[in-house]
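build the 3D model from these lines:
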Amino acid sequence: AEGCGILVLETLDRAVKRGARIYAEILGHGSSSDAFHVAAIDPDGAGALRSMRWAMEDAGLNPEDLDYINAHGTSTLPNDAIETLAIKKLLGERAYEIAVSSTKSMIGHAFGGAGAVEAVATILMIFNQIIHPTINYTTPDPNCDLDYVPNEARNAKIRHAMSNNLGLGGQNATVVFGAI
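I've put the predicted structure just below:
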């Protein structure tokens, strides 16, 4: 499968001046390459952690500021457990208080378009103050013990949200968005 998402980016003052509907603001980004293996991610989550940490630092946020994470969430045993581990390393105990869900659970993997599609989904969740669920969540993995918003959307106050894309070969990208 493939997919496409489009973001229109402009300065805040220009958008306000022309009366644009502003859905969210890009606060920070981070990217890393762990070069662990051509078809696998580093099992200790180091690359994913670097990407998320740099995005949070770029956004000027602390763990307590984050309200939601749109996980890369491919529903594969190694990826989901490693992403969960990296989130825990980044946020400590705060990781257990933040909703984490996967857009891919509903639409599949858009491969080359996944980052853009999931950025749009994250922005719309901020704008609408609704967190979409991780659907078809029936059998929890003991290594994945965070709040994955199982099977039902929920209303939530989302000021700051993170979107992860953690690709094969250790190519990692994270964007942090904020409500306007």
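
now do the helices in the protein.
With DSSP state H as the criterion, the chain has helices at 12-17, 46-59, 77-91, 104-107, 114-128.

what about Ile98, how many residues nearby?
Neighbour count for Ile98, taken as other Cβ atoms under 10 Å: 18. Yep, even glycine has a C-beta here, placed from its N, CA and C like the rest.

mind starting the numbering at 54 from now?
Yep, numbering from 54; the last one is Ile151 now.

need the contact list for it.
By Cβ atoms under 8 Å, 6 or more residues apart in numbering, the residues touching Ile151 are 119-122, 144, 199-200.

what about the residues you listed, which are in strands?
121-122 (DSSP state E).

would you confirm that Thr137 contacts Pro195?
No. Contact criterion Cβ atoms under 8 Å: Thr137 and Pro195 do not qualify, at 10.5 Å.

looking at the two, which is more packed in?
More crowded of Thr137 and Pro195, by other Cβ under 10 Å: Thr137, with 22 against 6.

find the least confident helix or strand in the protein, judged by mean pLDDT.
helix 157-160 (a mean of 90; mean pLDDT, DSSP states H and E).

which other helices and strands does that helix contact?
Applying 3 or more Cβ pairs under 8 Å, 6 or more residues apart in numbering; DSSP states H and E, one finds that helix 157-160 contacts helix 167-181.

now the residue sitting nearest the centre point of the chain: how far from Leu119?
For the chain, Ser216 is the residue whose C-alpha lies nearest the centre (Cα atoms, centre = their mean; 2.1 Å). Per Cβ to Cβ, to the nearest Å, Ser216 is found 12 Å from Leu119.

overlap in contacts of the two?
Joint contacts of Ser216 and Leu119 (Cβ under 8 Å, 6+ apart) are Val229.

where in this protein is pLDDT low?
For the chain, the stretches with pLDDT under 70 are 54.

from Leu138, how far off is Glu117?
As judged by Cβ to Cβ, Glu117 and Leu138 stand 20 Å apart.

of the two, which one has the most company?
It is Leu138, of Glu117 and Leu138, that has more neighbours when counted by other Cβ under 10 Å, with 19 against 10.

brilliant, that's me finished.
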